[in-house]
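[1] What follows is a predicted structure for the sequence shown.
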2 protein chains.
Amino acid sequence: MKSSDMKKKRPTLQDVADLVGVTKMTVSRFLRNPDQVSVPLQSKIADALEDLGYIPNRAPDILSKSKSHAIGVLLPSLTNQVFAEVIRGIETVLEPAGYQTMLAHYGYSKEAEEARIATLLSYSVDGLIISESYHTERVRKMLAVAGIPVIEIMDSVSPPIEQAIGIDNEAAAYAMTDFMIKRGRQKIVYFAARMDQRTLFKIKGYESAMHDNGLTPLCLKTNSASSFTLGATFLKDALQQQPDTDGIFCTNDDLAIGALYACQKSGIKVPDDISIAGFHGHDISRAMVPLLATVITPREEMGRLAAEHLLSRLQGHPVSEKIIDLPFQIEAGESI
Amino acid sequence: MKSSDMKKKRPTLQDVADLVGVTKMTVSRFLRNPDQVSVPLQSKIADALEDLGYIPNRAPDILSKSKSHAIGVLLPSLTNQVFAEVIRGIETVLEPAGYQTMLAHYGYSKEAEEARIATLLSYSVDGLIISESYHTERVRKMLAVAGIPVIEIMDSVSPPIEQAIGIDNEAAAYAMTDFMIKRGRQKIVYFAARMDQRTLFKIKGYESAMHDNGLTPLCLKTNSASSFTLGATFLKDALQQQPDTDGIFCTNDDLAIGALYACQKSGIKVPDDISIAGFHGHDISRAMVPLLATVITPREEMGRLAAEHLLSRLQGHPVSEKIIDLPFQIEAGESI
DNA sequence: GACAAAATAGTAAACACTTACTTTCACATT
DNA sequence: AATGTGAAAGTAAGTGTTTACTATTTTGTC
């Protein structure tokens, strides 16, 4: 095989060094600190680097230092707008700090979560931002063995592996339910989808508020993902099961908006006939007509904070607070 | 320093081998194919692996084979819902195939794009999915030197580096504008934000359609990101500059929805007084009242296809089609 | 019970870079 | 002129795994 037949591989430090006529060590030095190399060599090396289009290879460094300058981000889903906003917050901090984001999701499956974490660790990520609050023993062991900082996001209550940053979903759901009751609603139905940990916390908050006010909770559940359509479907179900329903509290804005539009289409007046509240406070719910009542949560800030605390710990600082409980906000909008 | 003082590092193959009393090669063999190891050893190795919580390290493999099983995904922004859907499509395909996603974004800056691509390449990504159609010489050289498959997504027209998958943004904008004109609109204003390549293509399509029908285009532009609020602001500007405006075509659904709600608030009837059309056809626009007219684009499919074609090329197949032009769809909704 | 074949396990090298140490040489000081 | 100093560049080793080869043991056959 002639050399012209060979698939040319990406140039290494050695290739650059050969071109200049020095050892790769000299080129390496130039790369980290040009002044460590004599002036005449500086320009020759710079030219050679440019000529060959040299791009450093992190693999040796990852191998010898077990540091990748990459952060693993593991979320249950990418479908949900909430997570897109969390990712944005994370990237906002990580990218300027020179860290690369490795993204993975596990579709709410525990086995998939184990597999994804193993994969992320196999790349020697320097830290991990994960979601959900329950983790298998295997996951806990892997994280312990890996010895890297881990931050759990989304909920602030359950005892964290090391550090959790999120909101108190149960308290938030309680607060909104209570708010609706104070506004005179009695037969409030909860719409739940995707029965993950956070949804379970919210249901608990809703049910507590109902009970504390002597009311009977009714919760519609499904394991499928939420959507506008599902909100409309749930509305029909709710009215069938409890015709005098006067309030609807949804596990997220999507369901709420779907239910609201379904009301508009079938002539049900919001909020006169039925109050509707969502959860999260996405842009759309704060622009639409009528303005959606919702629990405003700091999604992007949650991502930012998680990344910031992770970076702080990578710099050697200890865990400052085990649980960082971010404030939520009840927004009455015009639909209650 | 006593051994108990030392920070324990994550176990290696050698640690497992020592525990069992074999060489690391035997453990390595067990990992890839347990049958290559004698039956008694199989269980002993399995136990040791479990005991130590061994997690494979990809760094040596990346180093010696220059293959990471990771794919770099570089998008202009994470703010936009469009990109969240594209990422979802990509992950849907990549994850089951055993590829890890490395996500980066560059905020529409050319210098940042160069830097991000260099970073992704430094991790020896096996392939790259990037957006936008214009790239600097430096970027082109880096990609050439890297010698990995590259797929450009979002637009289908401009000559691709290797392979492009997207829609014909110019044709789509032409089609929608023409549709609005056929429905009797004459004074159609275009709302543009974030002046990236695709927006420029869409403006071109809009202007062509207006000219071809003997009408005068009016385009409101800004470099900031689009939002519902911006849609409302643009509406005011449009009515000021051209009080008899009877149509609004927005570069995305966000602007359109913002404009539509602003109309509702100020008593302007849609579509009787003004027609409004968006671009992309997000879930919300297909659920709201009135249904938004929009150009439905296959965002998720675009991501899926890009990932599929990338995988096919990683399996050694040549580029099948240089440009894959995905169909768009004009959805009349109820706002035209 | 001898010999070949097959199964099983071991050894060494390679991957690209950096750290830590060593060598070389120019120049200043005595 | 001998010695010391410091800048500049070189050398060797190590990082964890796999590939390719080699050695050893077991099995099967006659």
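    The structure has been received and is ready for your questions. Numbering: from 1, shown residues only, chains lettered A, B, ... in the order given.
[2] DNA strand D contacts on chain A?
    Residues of chain A found near DNA strand D (CB under 7 Å from any atom of the strand) are A:22-23, A:25-26, A:35-41, A:60, A:63-64, A:66. In this view, the C-beta of every residue, glycine as well, is placed from N, C-alpha and C.
[3] which of those count as buried?
    Buried members of the residues of chain A next to DNA strand D, counted by 16 or more other CB atoms under 10 Å in any protein chain shown: A:Val22, A:Thr26, A:Val37, A:Leu41, A:Leu63, A:Ser66.
[4] Closest to A:Arg116 out of those residues?
    Nearest to A:Arg116 out of these is A:Ser66 (CB to CB; 19.8 Å).
[5] So of the residues of chain A next to DNA strand D, which two are at opposite extremes in space?
    Distance extremes for the residues of chain A next to DNA strand D: the farthest pair is A:Pro40 and A:Ser66 at 37.2 Å, using CB to CB.
[6] residues in contact with A:Asn80?
    For A:Asn80, the contact set (CB atoms under 8 Å, 6 or more residues apart in numbering or on different chains) comprises A:Ala225, A:Asn252.
[7] State the pLDDT value of it.
    We note a pLDDT of 84 for A:Asn80 in this prediction.
[8] near DNA strand C, which residues of chain A show up?
    Those residues of chain A that sit near DNA strand C, judged by CB under 7 Å from any atom of the strand, are A:9, A:12-14, A:24-25, A:28, A:31-32, A:56-57, A:59-61, A:63-64.
[9] Stretch A:248-257 and chain B, are they touching?
    Yes - legend: contact between stretch A:248-257 and chain B by CB under 8 Å from any CB of the partner chain is shown at A:Asp254, A:Ile257.
[10] Ok, stretch A:186-202 next?
    No - using CB under 8 Å from any CB, stretch A:186-202 stays clear of chain B, coming no nearer than 14.1 Å.
[11] Also stretch A:58-65?
    Yes - applying CB under 8 Å from any CB, one finds stretch A:58-65 in contact with chain B at A:Arg58, A:Ala59, A:Pro60, A:Ile62, A:Leu63.
[12] With only the CA atoms kept, save that stretch in CSV.
    Below are the C-alpha coordinates for stretch A:58-65, written out as CSV (Å, rounded to 0.1, in the frame of the first residue of the first chain):
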residue,chain,number,x,y,z
ARG,A,58,-8.0,15.1,24.9
ALA,A,59,-8.0,11.3,25.2
PRO,A,60,-4.5,11.0,26.6
ASP,A,61,-5.2,13.6,29.2
ILE,A,62,-8.5,12.0,30.1
LEU,A,63,-6.6,8.7,30.4
SER,A,64,-3.8,10.0,32.6
LYS,A,65,-5.6,12.5,34.7
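[13] next one: that stretch to chain centre, how far?
    The chain centroid and the centroid of stretch A:58-65 are separated by 28 Å under CA atoms, centre = their mean, to the nearest Å.
[14] average pLDDT for that stretch?
    For stretch A:58-65, the mean per-residue pLDDT is 96.
[15] Can you tell me the closest non-neighbouring residue to A:Phe201?
    Closest residue to A:Phe201 apart from its sequence neighbours, by CB to CB, 6 or more residues apart in numbering or on different chains: A:Asn169 at 4.0 Å.
[16] can you check A:Arg304 too?
    Nearest non-adjacent residue to A:Arg304, counting by CB to CB, 6+ apart: A:Gly89, 4.1 Å away.
[17] Hmm, the one you found is touching A:Glu300, no?
    Yes - at 3.9 Å, A:Gly89 and A:Glu300 qualify as touching, with contact defined as CB atoms under 8 Å.
[18] picking up where we left off before, from the residues of chain A next to DNA strand D, pick the one nearest chain B.
    Chain B lies nearest to A:Leu63 out of these, by CB to the nearest CB, at 4.0 Å.
[19] low-confidence ranges in the stretch 101-250 of chain A?
    For the stretch 101-250 of chain A, applying pLDDT under 70 flags no range at all.
[20] switch the cut-off to 80
    Residues of the stretch 101-250 of chain A meeting the criterion pLDDT under 80: A:132-133.
[21] per-domain residue ranges of chain A.
    With domains defined by automatic domain parsing, chain A comprises A:3-57, A:69-167+A:300-326, A:169-297.
[22] do you know which of the ones you listed lies nearest B:Tyr174?
    Between the domains of chain A, domain A:169-297 lies closest to B:Tyr174; by CB to CB that is 28.3 Å.
[23] and the residue nearest to A:Phe201, how many neighbours does it have?
    Neighbour count for A:Asn169, taken as other CB atoms under 10 Å in any protein chain shown: 27.
[24] wait, it sits on A:Lys202?
    Yes - counting by CB under 8 Å, A:Asn169 does reach A:Lys202; the two are 5.1 Å apart.
[25] Enumerate every residue touching the closest residue to A:Thr26 other than its chain neighbours.
    Nearest non-adjacent residue to A:Thr26, counting by CB to CB, 6+ apart: A:Val37, 6.0 Å away. Applying CB under 8 Å, 6+ apart to A:Val37 gives the contacts A:Thr26, A:Arg29, A:Phe30, A:Ile45.
[26] Distance check, the residue nearest to A:Phe201 against A:Gly231.
    19 Å (CB to CB, to the nearest Å).
[27] now A:Ile284
    Distance, A:Ile284 to A:Gly231, using CB to CB: 13 Å.
[28] what's the answer for A:Ala307, then?
    Relative to A:Gly231, A:Ala307 is positioned 32 Å away (CB to CB).
[29] With A:Ala97 instead?
    Applying CB to CB, the value for A:Ala97 to A:Gly231 is 39 Å.
[30] Tell me which of those two has more neighbours.
    A:Gly231 (28 against 14).
[31] wait, the more buried one sits on A:Thr251?
    No - using CB under 8 Å as the test, A:Gly231 is too far from A:Thr251 to be in contact (10.2 Å).
[32] Common neighbours of these two, please.
    The contact sets of A:Gly231 and A:Thr251 overlap at A:Phe191 (CB under 8 Å, 6+ apart).
[33] that older thread, quick check, nearest of the residues of chain A next to DNA strand C to B:Ala238?
    Closest to B:Ala238, out of all of these and judged by CB to CB, is A:Pro56, at 50.1 Å.
[34] leaving aside the residues next to it on the chain, what's closest to that closest one?
    Of all residues not flanking A:Pro56 in the chain, B:Ser122 sits nearest, at 5.2 Å (CB to CB, 6+ apart).
[35] Next, the contact list for that neighbour, please.
    Neighbours of B:Ser122 in contact, by CB under 8 Å, 6+ apart: A:Ile55, A:Pro56, A:Asn57, A:Arg58.
[36] circling back: compare neighbour counts for A:Gly89 and A:Glu300 and give me the winner.
    A:Gly89 (22 against 17).
[37] Appreciated, that's everything.
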